[in-house]
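Novice: next one to model:
(one chain, ligands or ions: 1)
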Amino acid sequence: MCPVTSLCPSCMEEHEIQQEQVTEVNIFKGKPVEYLAKYEYCPNTGTYTASDDLIDENDLSLKDAYKKLVGLLTSKEIQGIRGKYGVSQKDFSKILGWGSSTITRYENHQVQDKVHDDVLRKVDRDPKWFLELLDRAKDELSQKAYYKYRKQAQKIYHNQRNRYLKDALEALYAKFCDNPSVTGNTKLNIDKAIEVINYLAANVQNLHEVKLMKMMWYADFLHYKKEKRSITGLAYVALPLGAVPEGYKTLLSFEDVCYEEIQYGENIGYKFYPAPGFQIKELTDSEKQTLDQIIDYFQHYSAKEIIAHMHGEEAYLKTEKLALISYDYAEKLSLIDS
Ligand SMILES: [Zn+2]
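Specialist: From the prediction side, this is the model:
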């Protein structure tokens with residue numbers, strides 16, 4: 001391949017221009033800042049020169065090195081935050097309530113102040129807050145841009161929320177890792193647990209909280225009776241109204257667990273329905289078969305009837321109240337394991 005030659009500004013001859021990186025220290029805002037500068041080197045005169053583009057690039061490297069040094073976001077990091085939300089520079093400034101070219105300047109040579117830096121960091125880790133800011137700026141944005149940004153921010157928010165909930169549940173279950181008899185010899189699979197809830201909600205009419213919990217318990221225990229492993233890896237506590245999965249409140253907080261709140265006299269109950277677009281991705285055929293069996297058996301039971309049924313199970317009778325129910329009792333389950 002022919003080397004690309006151009007007119008050298010140093011010796012005024014045509015030759016290949018080499019770029020070299022040099023570590024430099026400059027005083028910026030009273031602080032010595034070390035950064036990598038780029039120069040063009042002329043072997044004929046032995047001198048380093050910088051084109052306008054390189055001068056610009058070097059200044060940006062200096063500013064970014066300074067930002068790093070004093071603990072501010074670099075221009076690339078600011079670009080990254082904006083890019084995550086898919087927002088234009090101008091619109092991002094509007095959403096934050098800043099001058100229209102503020103973000104453009106921060107992504108270039110201007111060093112942001114600490115207050116603006118804190119705002120950008122908060123936007124980065126708090127999509128819910130970004131959504132609030134977005135709503136506040138709605139009238140200043142085009143409708144199309146507003147809806148595009150909102151959709152993206154909601155996606156980030158839901159993913160973050162789900163990850164947070166998953167972390168919380170997994171932390172709760174970490175204590176069971178050496179105790180397969182309470183998780184049915186299965187590592188907690190939250191996606192499967194959510195699918196089980198949706199599958200039951202899709203196939204059982206008027207599925208309320210108490211009945212859902214009991215059906216989940218029966219499904220996990222019946223599956224353990226058949227295959228020596230539970231479906232979800234959930235551990236169940238023996239409460240006065242029967243078995244309830246450990247961490248069930250967290251489980252109900254996932255976006256894909258859908259229910260409506262219904263007032264019963266003084267109390268509020270949850271009625272479950274399948275998540276929009278629900279599809280089975282994790283459950284195996286044999287797990288689905290177990291669930292179908294549980295649905296066939298219990299779908300017409302009232303909450304009272306299923307509680308009464310559970311109160312007759314040896315697993316429940318022999319477990320102290322508020323203790324975890326051992327899957328060893330699955331052997332004695334009243335349901336046949338066909
Ligand atoms: Zn030269």
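Novice: and the helices in this protein?
Specialist: 52-69, 75-85, 89-96, 102-106, 114-125, 127-136, 143-173, 180-183, 190-203, 209-227, 248-252, 285-298, 303-311, 314-317 (DSSP state H).
Novice: can you put those helices in JSON lines and add mean pLDDT?
Specialist: As requested, those are exported to JSON lines (pLDDT from 0 to 100):
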{"stretch": "helix 52-69", "mean pLDDT": "95"}
{"stretch": "helix 75-85", "mean pLDDT": "96"}
{"stretch": "helix 89-96", "mean pLDDT": "97"}
{"stretch": "helix 102-106", "mean pLDDT": "96"}
{"stretch": "helix 114-125", "mean pLDDT": "97"}
{"stretch": "helix 127-136", "mean pLDDT": "96"}
{"stretch": "helix 143-173", "mean pLDDT": "95"}
{"stretch": "helix 180-183", "mean pLDDT": "95"}
{"stretch": "helix 190-203", "mean pLDDT": "97"}
{"stretch": "helix 209-227", "mean pLDDT": "96"}
{"stretch": "helix 248-252", "mean pLDDT": "94"}
{"stretch": "helix 285-298", "mean pLDDT": "97"}
{"stretch": "helix 303-311", "mean pLDDT": "92"}
{"stretch": "helix 314-317", "mean pLDDT": "94"}
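Novice: and those: which comes nearest residue 42?
Specialist: helix 52-69 (13.7 Å; CB to CB). (C-beta placed from N, C-alpha, C; glycine too.)
Novice: tell me how far that closest one lies from the chain's centre.
Specialist: Here helix 52-69 is found 34 Å from its chain centre; the criterion is CA atoms, centre = their mean, to the nearest Å.
Novice: which other helices and strands does it contact?
Specialist: Contacts defined by 3 or more CB pairs under 8 Å, 6 or more residues apart in numbering; DSSP states H and E place helix 52-69 against strand 18-28, strand 31-42, helix 75-85.
Novice: now it against helix 114-125, angle please.
Specialist: Orientation note: helix 52-69 sits at an angle of 90 degrees relative to helix 114-125 (axes from the mean of the first three to the mean of the last three CA atoms, to 10 degrees).
Novice: what comes up buried for helix 52-69?
Specialist: Residues of helix 52-69 classed as buried under the neighbour-count rule (16 or more other CB atoms under 10 Å) are 58, 59, 60, 61, 62, 63, 64, 65, 66, 67.
Novice: around the ion, pick out the residues from the stretch 1-150 of the chain.
Specialist: 8, 10, 11, 42, 44 (CB under 5 Å from the ion).
Novice: tabulate these (JSON lines), appending distance to residue 274.
Specialist: JSON lines is the format used below for these (distance: CB to CB, whole Å):
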{"residue": "8", "distance to residue 274": "71"}
{"residue": "10", "distance to residue 274": "72"}
{"residue": "11", "distance to residue 274": "75"}
{"residue": "42", "distance to residue 274": "71"}
{"residue": "44", "distance to residue 274": "75"}
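Novice: would you format these as a markdown table with neighbour count and pLDDT included?
Specialist: Written out in a markdown table, the entries for these read as follows (neighbours: other CB atoms under 10 Å; pLDDT from 0 to 100):
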| residue | neighbour count | pLDDT |
| --- | --- | --- |
| 8 | 20 | 89 |
| 10 | 17 | 87 |
| 11 | 14 | 92 |
| 42 | 19 | 91 |
| 44 | 11 | 91 |
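Novice: mind listing what the residue of the stretch 101-250 of the chain found nearest the ion touches?
Specialist: Nearest residue of the stretch 101-250 of the chain to the ion: residue 109, at 29.2 Å (CB to the ion). Residues near residue 109 by CB atoms under 8 Å, 6 or more residues apart in numbering: 59, 60, 63.
Novice: show me which of the buried residues of helix 52-69 is closest to the ion.
Specialist: residue 58 (19.8 Å).
Novice: ignoring the adjacent residues along the chain, who's closest to the closest one?
Specialist: Leaving aside its chain neighbours, residue 58 sits nearest to residue 37 (4.4 Å; criterion: CB to CB, 6 or more residues apart in numbering).
Novice: quick check, pLDDT for that neighbour.
Specialist: Note on residue 37: pLDDT of 96.
Novice: now do the contacts for residue 240.
Specialist: residue 321.
Novice: can you get me a residue count around the nearest residue to residue 199 once chain neighbours are set aside?
Specialist: Excluding the flanking residues, the one nearest residue 199 by CB to CB, 6+ apart is residue 291, at 5.6 Å. For residue 291, the count of nearby residues is 24 (other CB atoms under 10 Å).
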